[in-house]
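Peer 1: sequence and computational prediction follow.
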Protein chains: 2
Amino acid sequence: MKRKTYGFATLIPALLLASPALAQHDPAALQAKALEDDTAYDIVEGLTTEVGHRLAGTEDEARARDWAVQKLASLGFENIRVEPFTLPVWVRGEEEAYITSPFPHKMHITALGNSASTGEDGLEAEIAYFPTLADLSAARDGSLEGKIAFVSHKMTKTMDGSSYGAFGGARFIGPRIASQKGAAAIIIRSVGTDYHRNPHTGGTSFANGDPIPAAAISIPDAENLERVIARGKPVTVKLKLTPRTLGELESGNVITEIPGSDPNAPIIVIGGHLDSWDLGTGAVDDGAGVAITTAAAKLVKDAGQPKRTIRLIWFGSEEVGIYGGRAYAEKHGAAGHAIAMESDFGAGRIWRVEFKLPEGNDALKTEIANALAPLGIGKSEIMASGGPDNGPLVRLGVNAIDLQQDGTDYFDLHHTPDDTLDKIDPKAMQQNVAAWATVLSIIANSDADIAARPVEPEG
Amino acid sequence: MKRKTYGFATLIPALLLASPALAQHDPAALQAKALEDDTAYDIVEGLTTEVGHRLAGTEDEARARDWAVQKLASLGFENIRVEPFTLPVWVRGEEEAYITSPFPHKMHITALGNSASTGEDGLEAEIAYFPTLADLSAARDGSLEGKIAFVSHKMTKTMDGSSYGAFGGARFIGPRIASQKGAAAIIIRSVGTDYHRNPHTGGTSFANGDPIPAAAISIPDAENLERVIARGKPVTVKLKLTPRTLGELESGNVITEIPGSDPNAPIIVIGGHLDSWDLGTGAVDDGAGVAITTAAAKLVKDAGQPKRTIRLIWFGSEEVGIYGGRAYAEKHGAAGHAIAMESDFGAGRIWRVEFKLPEGNDALKTEIANALAPLGIGKSEIMASGGPDNGPLVRLGVNAIDLQQDGTDYFDLHHTPDDTLDKIDPKAMQQNVAAWATVLSIIANSDADIAARPVEPEG
């Protein structure tokens, strides 16, 4: 993917180029209000308490959609509807893992999305150990026959989350490689940065018809297994994983708008994803995202009708393949859209803003950057992506702005049982809402030429 | 218990009253060596990797004793033996818990030691909520009939661990009280200070013949359950806990000595406990304790024969009722002992020293305090306890010195799956060994009058 590219490093001194904002969209006033506003926390508190986890395509996700419709209505949003789509659904079963020899240990394990089942009787086999994904890739074809591959690739912490791309491959493609080399199963060190007995789940994929049992063990368990292996004796592990597929089922995007005063002005799309993995309660991933964007939209709505329509989307089924984002882009296309924005990186403070705007919009970027500076947010020259759910739309030519959160600790929680409400700092969440309200009020009232420049979809 | 009482606040300026130490027991030299020594970390690494958890009275604890005998021999200790005793053994079964109404949630739960079983079919009942233990105590007798009591007493962090006594009652006596008031079962907020989906196990007890299912839920689960309750609808929970008792089985204390040059001098007893709860690998509780005391004893041994014998004990079956400590005190009595010391509060840095010595030993206290000062350790006027395993011996009149560790984060890990090797800071562990070697070398070579003053056993 080439979505992240570096823009022009035009370090122009920040000039006060901003056109005077409408009185009701004064950034300072919006920010002051946002920094006292509990709407976002209230949303994520309600969603995690009254619904909890909500795996893509399940009854839990359907309950979450019902909850979302009701919540958005209670906040005064109108024309709330669900745009349905379908997806193949995978659900977790039992999961157990033991080192059976030379030293018995119980391990904390969780299946990766799309893992095959070991069957009720489980699977016991010798471990083939690979410190890194490159080591697995270098293994001779067929050399893993009858073995359980163990890839213990270690992830490091990064503020911008870039280590997920750098080290997530053990999960993204490790299982496919192990399957192709004949492994009976694969276990990986969790793609995470914590030291708790919480395995990190997440999606993986296989070549057609070739899935094997694939699971992640917690980081303390992975390091213990490495120490057991270091004793030099053959190591056997017993796995029981009984996930199953339920066929093609329904999911949906929950959508509402703040109608703009100019029906011809290209619209702003914002949101997060409603689905979550099934181990935690989806507080930081991505209850926080739908909460932050909704609270910011409400603040902008309450400040008076904007020029452009702001469309708020609580996307469905992101975690298992961005089904909601793809369904939206297929149905609506790029035409009529201006800018897409998503919050999907937890609830940490926002530290920088990134843009993907047509040339000629430097004044708009500067206006936004200046308005965000009081919140401790700097301007980046990295190109915005629009977030995972907006990816399909951005690839069709829609512009994007990213408000980047501090994700230093995000991968301590990501896809684990520990993704719960207590991890959210209400003050940091308010800073997020303040930044989002600021940007929304500026772009939704901007006369700048920010219409999408449609391109042919790839592939 | 009255073991913790405040001594005389005689704030005499620290005088250099120390008698000249034997050259081979020079504290500065021992400390320098200890701060470079990996023996303690090596022990806890081996014990947690090659044995793992070791619940009192189980085969796992027996394997740990075998491992201990071999390890102590490899370190050059002699006359290593196991003093056996028996205890009633309780083992964990399956454990599951769900909020079934009004909002479905899976909870992370673990049975408390001595919990009864719910049976294979589990138990579903309405929750009776008590924010604190006092609220449970105030409930009318019989008012809990058919209900699951939920006590959500919150523990705070303290450096000295005193919050365990202040807030641990929910686990220590909550189940007994709930049983007496007719509850069908009890769940408590874990007695812990972390925010992870790790429940904290630990022992509880019941009036004879009156056990009920008793378990702890993780702190995020407890706070979520409180939020669900706050919605005001009846809340039902389904529990499945299938622990069982195995009858009276064998455990033992692993014992060795560094023989002193004066066979008539009362001896020093040091150690930690070998058993652990079954959820983690017993790294900080109490692999660290046996490791620290053993490494310190080895340093003192390697520095030359001390005057007094130092007896090193890896106690068995502490967690479930201090069976090893009681067996030792019953078998050996107080006579012939001078001072008892234990390390059983994790692997944090030592920050103060406490004494329980006969009057007239101020010079010895000052010598010890002065020798520890370079390690950042201060002197306390709180009376030493000797630690849990030495409690029975100290109650018979044996003196004690406590090297108090910083336990601020100890109850993040205590009795959880997270008690694993990665939680140990090797540098802090070396500081512990340096402090222990310092104190051991001084007291094992001291001519002070520190013989036990035997008292009649209580009760």
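Peer 2: Looks like it arrived, so ask away.
Peer 1: how much space between A:Asn79 and A:Val290?
Peer 2: From A:Asn79 over to A:Val290 the distance is 18 Å, taken as CB to CB, to the nearest Å. Every C-beta, even on glycine, is put in place using the N, C-alpha and C of the backbone.
Peer 1: of those two, who's got more company?
Peer 2: A:Val290 (30 against 10; other CB atoms under 10 Å in any protein chain shown).
Peer 1: give me the element that one is part of.
Peer 2: Using DSSP states H and E, the element containing A:Val290 is helix A:288-302.
Peer 1: need the mean per-residue confidence for that helix.
Peer 2: Mean per-residue pLDDT for helix A:288-302: 98.
Peer 1: list the buried residues of that helix.
Peer 2: A:288-301 (16 or more other CB atoms under 10 Å in any protein chain shown).
Peer 1: what's it packed up against?
Peer 2: Contacts defined by 3 or more CB pairs under 8 Å, 6 or more residues apart in numbering or on different chains; DSSP states H and E place helix A:288-302 against helix A:27-34, helix A:39-50, strand A:244-258, strand A:267-273, strand A:310-315, strand A:337-342, helix A:426-444.
Peer 1: angle of it against helix A:39-50?
Peer 2: 140 degrees (axes from the mean of the first three to the mean of the last three CA atoms, to 10 degrees).
Peer 1: send the alpha carbons of helix A:288-302 over as CSV?
Peer 2: Provided in CSV are the C-alpha atoms of helix A:288-302 (Å, rounded to 0.1, in the frame of the first residue of the first chain):
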residue,chain,number,x,y,z
ALA,A,288,-13.6,5.8,21.6
GLY,A,289,-13.7,6.6,18.0
VAL,A,290,-17.4,6.6,17.5
ALA,A,291,-17.7,8.5,20.8
ILE,A,292,-15.2,11.2,19.9
THR,A,293,-16.5,11.8,16.4
THR,A,294,-20.2,11.8,17.6
ALA,A,295,-19.5,14.2,20.4
ALA,A,296,-17.6,16.6,18.1
ALA,A,297,-20.4,16.5,15.5
LYS,A,298,-22.9,17.3,18.2
LEU,A,299,-20.9,20.3,19.4
VAL,A,300,-20.7,21.6,15.8
LYS,A,301,-24.4,20.9,15.3
ASP,A,302,-25.3,22.8,18.5
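Peer 1: next one: it to chain centre, how far?
Peer 2: 18 Å (CA atoms, centre = their mean, to the nearest Å).
Peer 1: what does stretch A:324-331 give?
Peer 2: Centroid displacement of stretch A:324-331 relative to its chain, using CA atoms, centre = their mean, is 16 Å.
Peer 1: pLDDT on it, on average?
Peer 2: 98.
Peer 1: which parts of that stretch are buried?
Peer 2: Using 16+ other CB under 10 Å as the test for burial, stretch A:324-331 gives A:Gly324, A:Gly325, A:Arg326, A:Ala327, A:Tyr328, A:Ala329.
Peer 1: dump the residues you listed into CSV; add distance to chain B as well.
Peer 2: Output for the buried residues of stretch A:324-331, formatted as CSV (distance: CB to the nearest CB, whole Å):
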residue, distance to chain B
A:Gly324, 23
A:Gly325, 28
A:Arg326, 29
A:Ala327, 27
A:Tyr328, 29
A:Ala329, 33
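Peer 1: and these, which two are furthest apart?
Peer 2: A:Gly324 and A:Ala329 (9.8 Å; CB to CB).
Peer 1: buried residues in whichever helix or strand A:Lys106 is part of?
Peer 2: In the assignment (DSSP H and E), A:Lys106 maps to strand A:105-107. Across strand A:105-107, burial judged by 16+ other CB under 10 Å covers A:His105, A:Lys106, A:Met107.
Peer 1: what does stretch A:37-44 give?
Peer 2: Residues A:Asp37, A:Thr39, A:Ala40, A:Tyr41, A:Ile43, A:Val44 are the ones in stretch A:37-44 that count as buried (16+ other CB under 10 Å).
Peer 1: show the pLDDT at the second one.
Peer 2: The model reports A:Thr39 with a pLDDT of 98.
Peer 1: next: A:Lys423.
Peer 2: pLDDT for A:Lys423: 98.
Peer 1: could you do the one 5 residues further on as well?
Peer 2: pLDDT, A:Ala428: 98.
Peer 1: report how many residues lie close to it.
Peer 2: 16.
Peer 1: quick one: contacts for it?
Peer 2: Neighbouring residues of A:Ala428 by CB atoms under 8 Å, 6 or more residues apart in numbering or on different chains: A:Ala347, A:Gly348, A:Arg349.
Peer 1: nearest to chain B among those?
Peer 2: A:Ala347 (14.2 Å; CB to the nearest CB).
Peer 1: the worst-scoring helix or strand of chain A on mean pLDDT packs against which elements?
Peer 2: Within chain A, no helix or strand scores below helix A:162-167, which has a mean of 93 by mean pLDDT, DSSP states H and E. Using 3+ CB pairs under 8 Å, 6+ apart, no helix or strand is in contact with helix A:162-167.
Peer 1: return the set of buried residues in the helix or strand following that helix.
Peer 2: For helix A:162-167, the following helix or strand on the C-terminal side (DSSP H and E) is helix A:169-172. By neighbour count on 16+ other CB under 10 Å, the buried set for helix A:169-172 is A:Gly169, A:Ala170, A:Arg171, A:Phe172.
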